[in-house]
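Student: Sequence plus predicted model, see below.
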Amino acid sequence: MSTCTDNSMTNHHAPGLLYQIGETLHVWHERYRTRRELSNWTARDLHDVGLSWSDIAFEAEKPFWRA
């Protein structure tokens, strides 16, 4: 005969899933933030790092979920 204990009824996958969701949301937020920041750079800033306005436009137009 089996008995049902509190431990056997626990979903052991939930903390890992919640962690993964949190990490995904964090990555998406960072992409959004850095792409918006890039769009505010000056021509001098872009020249210093070797980027052009077209590079910035291409990156800034990506949705936050695309790497």
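Tutor: Okay, I see it.
Student: and residue 30, how many neighbours?
Tutor: Applying the criterion other C-beta atoms under 10 Å, we find 11 residues in the vicinity of residue 30. For the C-beta atoms, the positions are set from N, CA and C on the backbone; glycine is no exception.
Student: Check the offset of the helix or strand harbouring it from the chain's centre.
Tutor: When secondary structure is defined by DSSP states H and E, residue 30 falls within helix 14-38. For helix 14-38, the distance from its own C-alpha centre to the chain's C-alpha centre is 3 Å (C-alpha atoms, centre = their mean, to the nearest Å).
Student: from now on call the first residue 12
Tutor: New numbering, starting at 12: the last item is helix 25-49.
Student: tell me what it is packed against?
Tutor: helix 64-71 (3 or more C-beta pairs under 8 Å, 6 or more residues apart in numbering; DSSP states H and E).
Student: Can you give the distance of the helix it packs on from its chain's centre?
Tutor: Put simply, helix 64-71 sits 19 Å off its chain's centre (C-alpha atoms, centre = their mean).
Student: Quick one: list the elements packing against that helix.
Tutor: Helix 64-71 sits against helix 25-49, helix 54-60, with contacts defined as 3+ C-beta pairs under 8 Å, 6+ apart.
Student: Buried residues of it, list them for me.
Tutor: If you call a residue buried by 16 or more other C-beta atoms under 10 Å, then helix 64-71 has these buried ones: residue 67.
Student: Ok, stretch 34-50 next?
Tutor: Of the residues in stretch 34-50, 42, 46, 49 count as buried by neighbour count, 16+ other C-beta under 10 Å.
Student: From residue 44, how far out is the residue nearest the centre of the chain?
Tutor: Closest residue to the average C-alpha location of the chain: residue 38 at 1.6 Å, with C-alpha atoms, centre = their mean. Taken as C-beta to C-beta, to the nearest Å, the spacing of residue 38 relative to residue 44 amounts to 11 Å.
Student: shared neighbours, the two?
Tutor: Here residue 38 and residue 44 share no contacting residue, scored by C-beta atoms under 8 Å, 6 or more residues apart in numbering.
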